[in-house]
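Peer 1: Structure of the sequence below:
(one chain, ligands or ions: 2)
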Amino acid sequence: MSRVDWVSAAGGPLRGEIAVPGDKSVSHRALMFGAIADGVSHIRGFLEGEDTRATAAILGKLGVRFETPAPGERIVHGVGLHGLRGSSDVLDCGNAGTGMRLLAGLLAGQAFDSILVGDESLSRRPMRRVTDPLEAMGASIGTNDGKPPLRIRGGAGLKGIAYEPPVASAQIKSALLLAGLYADGFTEVVEPHPTRDYTESMLKAFGWPIDYSPGRARLEGGHVLRAVDVDVPADFSSAAFFIVAACIVPGSEVRLKAVGLNPRRTGLLAALELMGADIRVENERNSGGEDIGDLVVRHAPLHGVALPLEIVPDMIDEFPALFVAAAVAEGMTTIRGAAELRVKESDRIASMAHGLKACGVLVDELPDGAIIRGGTIGGGSIDSHGDHRIAMSFAIAGLVASAPIAIGDCANVATSFPGFMELANGVGFRLRSAA
Ligand SMILES: O=C(O)C1=C[C@@H](OP(=O)(O)O)[C@@H](O)[C@H](O)C1
Ligand SMILES: C=C(OP(=O)(O)O)C(=O)O
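Peer 2: Ligands and ions are numbered 1, 2, ... in the order given. The predicted structure is shown next:
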């Protein structure tokens, strides 16, 4: 990964309509289900990010044919539940935890062996959370002390299990449900807190019988997926950077168009509302089973809060942006119950705490969160640790900082949000590549 550095300077007010790219979670899943369905699926709004392209490339190596009629579209020629073919190449998931963990579930049920590898960041992330329950289903998966690469041995006859993951994770749930398609009997997942349900809703749309309600999903192996077209909503997690930016920059008013509003994703809205934000949802409607709507966000003075614990799983990827809102808010914000942030693309508690401190913000790091004393953000030089969400968070911090913020190692923004810099500068950011 080449090193790309940015400088973000004070800017705004932010104005205009913003269409952020397609949802990453939905794009990964649409590729996977389209691949093992009978028939041809047309995906619209597909995220042209490095994470989702890595998943498409892997499925291509396993014999699935894709067409790209236009950027943001894929036509998937499904090979059927048992139509994937083994590849002698290692399968490179790049930076994508979602890609690797979901594919582990899918590949555990195949007749052939596979090796999943990832980049430096992904190679540090915990995989026992999926390999342990998959092995309980009968899979055989070698790891490097619980980390990638994953060496998945094919030909294991899987059997369904009932499983209660120790952490709330849509990736764990989805890996087990994908393996469950190939298992004898029923696979059931009961979560400690409900997580995003795209796997369940997409299985249903592809015609697989599944019984699910928030926090619980159960399916039986041995049915058939029938191709359907998928409309991918705009990614709430990408919209989050513009939501927070418009909240904190005086005079701002932006409209984020047709954003996915799955209730397991929108905890940031609840958190910002508690902090005094001015956010309205307009044109709310349903698209392909998902709630979507426009978000109209205006600047408002924010105040600190003790973040209610029940919001945490519903805003997991939005914490870096929330740290920036907290740094600008009047008073203290306390975040607890978010230890999962330590095992994302970087240790996001440490990355945000160090970066904000480098910009003069008072932050106490806690094992499962942070206490952030809001006020003013100064200029500084921070390291994103190759983490896309940290890089974009400091880009929004720069908008209100008293001097420019230099941000190191931003190339991975392309994993989830290609075109972020151009879109941001189009609505009032002053973000440039460092010479
Ligand atoms: O299932 C998914 O698509 C995702 C689930 C979440 O991870 P966990 O399952 O680890 O919480 C989230 O952080 C990730 O960006 C996408
Ligand atoms: C955690 C994330 O993704 P993944 O787990 O797929 O790498 C993210 O996009 O913030």
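Peer 1: Tell me the helix or strand right after the helix or strand harbouring E282.
Peer 2: According to DSSP states H and E, E282 maps onto strand 278-287. Toward the C-terminus, strand 278-287 is succeeded by strand 290-298 as the next helix or strand (DSSP H and E).
Peer 1: and the next helix or strand after that following strand, C-alpha only, in PDB?
Peer 2: Per DSSP H and E, the first helix or strand lying C-terminal to strand 290-298 is helix 319-328. The C-alpha coordinates for helix 319-328 follow below in PDB (Å, rounded to 0.1, in the frame of the first residue of the first chain):
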ATOM      1  CA  PHE A 319     -17.200   6.000  16.700                       C
ATOM      2  CA  PRO A 320     -14.100   7.700  15.100                       C
ATOM      3  CA  ALA A 321     -16.500  10.400  13.700                       C
ATOM      4  CA  LEU A 322     -18.300  10.600  17.000                       C
ATOM      5  CA  PHE A 323     -14.900  11.200  18.800                       C
ATOM      6  CA  VAL A 324     -14.500  14.300  16.600                       C
ATOM      7  CA  ALA A 325     -18.000  15.600  17.400                       C
ATOM      8  CA  ALA A 326     -17.200  15.000  21.100                       C
ATOM      9  CA  ALA A 327     -13.900  17.000  20.800                       C
ATOM     10  CA  VAL A 328     -15.900  20.000  19.500                       C
END
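Peer 1: Spell out which parts of the stretch 301-435 of the chain neighbour ligand 2.
Peer 2: Neighbours of ligand 2 within the stretch 301-435 of the chain, by CB under 6 Å from any ligand atom: D317, K344, E345, R389, S416. Glycine gets a C-beta too; all of them are placed from N, C-alpha and C.
Peer 1: and the closest residue to V281 other than its chain neighbours, what does it touch?
Peer 2: Sequence neighbours aside, G293 is the residue nearest to V281 in space, at 4.6 Å (criterion: CB to CB, 6 or more residues apart in numbering). Listed by CB atoms under 8 Å, 6 or more residues apart in numbering, the contact partners of G293 are A258, V259, L261, V281, E282, N283, E284, R285.
Peer 1: how near is the fifth one to S114?
Peer 2: Using CB to CB, to the nearest Å, one gets 45 Å for the distance from E282 to S114.
Peer 1: And the first one, by the same measure?
Peer 2: According to CB to CB, A258 and S114 sit 36 Å apart.
Peer 1: Dump the strand holding E282 to PDB, restricted to CA.
Peer 2: Extracted as PDB, the C-alpha positions of strand 278-287 are listed here (Å, rounded to 0.1, in the frame of the first residue of the first chain):
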ATOM      1  CA  ASP A 278     -30.200  19.300  14.100                       C
ATOM      2  CA  ILE A 279     -30.800  16.300  11.700                       C
ATOM      3  CA  ARG A 280     -34.000  15.600   9.800                       C
ATOM      4  CA  VAL A 281     -34.900  12.500   7.900                       C
ATOM      5  CA  GLU A 282     -36.900  13.300   4.700                       C
ATOM      6  CA  ASN A 283     -38.200  11.200   1.800                       C
ATOM      7  CA  GLU A 284     -38.200   8.100   4.000                       C
ATOM      8  CA  ARG A 285     -39.000   5.100   1.900                       C
ATOM      9  CA  ASN A 286     -38.300   1.400   1.400                       C
ATOM     10  CA  SER A 287     -36.000   0.100  -1.300                       C
END
